[in-house]
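Colleague: structure for the following, please:
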Amino acid sequence: MLRRLRTHRRQPRARGQALVELALASTVLFFLLAAAVDLGMIFFTFQGLRVAAQEGATFGSYPVQVMQNGQLQRVDLNYAEIVRRVRGAGGAQSRGFANLRDLDNNGVWDENETGRAVHTDWSNPNAYIRIELLRASSPPQRDQSLPPCRTDMRGVGMQAGGRDCWVRVTVRTDYQFIFPLAPAFGNSVRLQAVSVMPIRSSYANTPTP
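Modeller: Model (predicted):
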């Protein structure tokens with residue numbers, strides 16, 4: 001009889017201990033799951049940026065002739081079209097893992113924002129879409145600073161078939177964390193992908209100067 005009483009007294013305590021252990025374990029598992037989701041989202045977002053950068057660099061590798069009054073002014077990149085190709089790489093809405101029309105993730109399409117050079121000026125070093133026409137004997141590295149390739153001199157640079165000229169397209173985005181503890185380190189992280197392509201010797205259609 002005494003053993004039975006002791007057994008009955010221990011059961012509620014064992015159940016309470018199991019509930020506490022379950023609560024603690026569930027909290028840890030929840031945090032790990034949220035971190036795993038963030039890592040997966042970051043990976044797929046980066047893949048979207050990489051595809052967009054490749055799309056822009058591939059199109060930009062075909063230069064255009066800029067004419068004025070029937071005279072060739074320069075052989076250059078069609079920067080506006082490169083930006084459009086980058087933003088449209090994910091489809092009409094671009095609402096995949098990487099929203100290419102809202103790279104700063106503020107809920108407003110970047111092309112609709114005014115007064116922000118990081119959205120409208122592709123030559124800004126901090127721009128979300130940056131386009132560089134560089135001159136180098138080998139493919140430029142990711143963060144390597146190089147002189148620009150000449151576009152306005154006959155027989156040199158772009159007017160020499162784009163010899164030793166490269167287009168480098170950088171696409172960035174601000175990824176917003178899902179992980180609950182991430183705000184301790186920052187609410188977002190800057191992701192970027194870079195694509196480099198050699199300039200082709202053939203010219204595309206001439207844009208309106």
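Colleague: what's the neighbour count on S123?
Modeller: Taking other Cβ atoms under 10 Å as the criterion, the count of residues near S123 is 12. To be clear about C-beta, it is placed using only N, CA and C from the backbone, and glycine gets the same treatment.
Colleague: so it versus W166, what's the distance?
Modeller: S123 is 16 Å from W166, where distance means Cβ to Cβ, to the nearest Å.
Colleague: what's S123 in contact with, if anything?
Modeller: Contacts for S123 (Cβ atoms under 8 Å, 6 or more residues apart in numbering) come out as 130-131.
Colleague: gap between it and Y79?
Modeller: In this view, S123 and Y79 are 8 Å apart by Cβ to Cβ.
Colleague: can you list residues touching both of the two?
Modeller: Taking Cβ under 8 Å, 6+ apart as the contact rule, S123 and Y79 both touch I131.
Colleague: pLDDT of stretch 54-66, averaged?
Modeller: Mean pLDDT, stretch 54-66: 94.
Colleague: with just CA atoms, put it into PDB.
Modeller: Extracted C-alpha coordinates of stretch 54-66, given in PDB (Å, rounded to 0.1, in the frame of the first residue of the first chain):
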ATOM      1  CA  GLN A  54      23.600  37.500 -65.600                       C
ATOM      2  CA  GLU A  55      20.600  38.700 -67.600                       C
ATOM      3  CA  GLY A  56      21.800  42.300 -67.400                       C
ATOM      4  CA  ALA A  57      25.400  41.500 -68.200                       C
ATOM      5  CA  THR A  58      24.500  39.200 -71.100                       C
ATOM      6  CA  PHE A  59      22.300  41.900 -72.700                       C
ATOM      7  CA  GLY A  60      24.800  44.600 -71.900                       C
ATOM      8  CA  SER A  61      27.600  42.700 -73.600                       C
ATOM      9  CA  TYR A  62      26.200  43.800 -77.000                       C
ATOM     10  CA  PRO A  63      26.900  47.600 -77.300                       C
ATOM     11  CA  VAL A  64      24.900  50.100 -79.200                       C
ATOM     12  CA  GLN A  65      25.900  52.900 -81.600                       C
ATOM     13  CA  VAL A  66      24.800  56.400 -80.400                       C
END
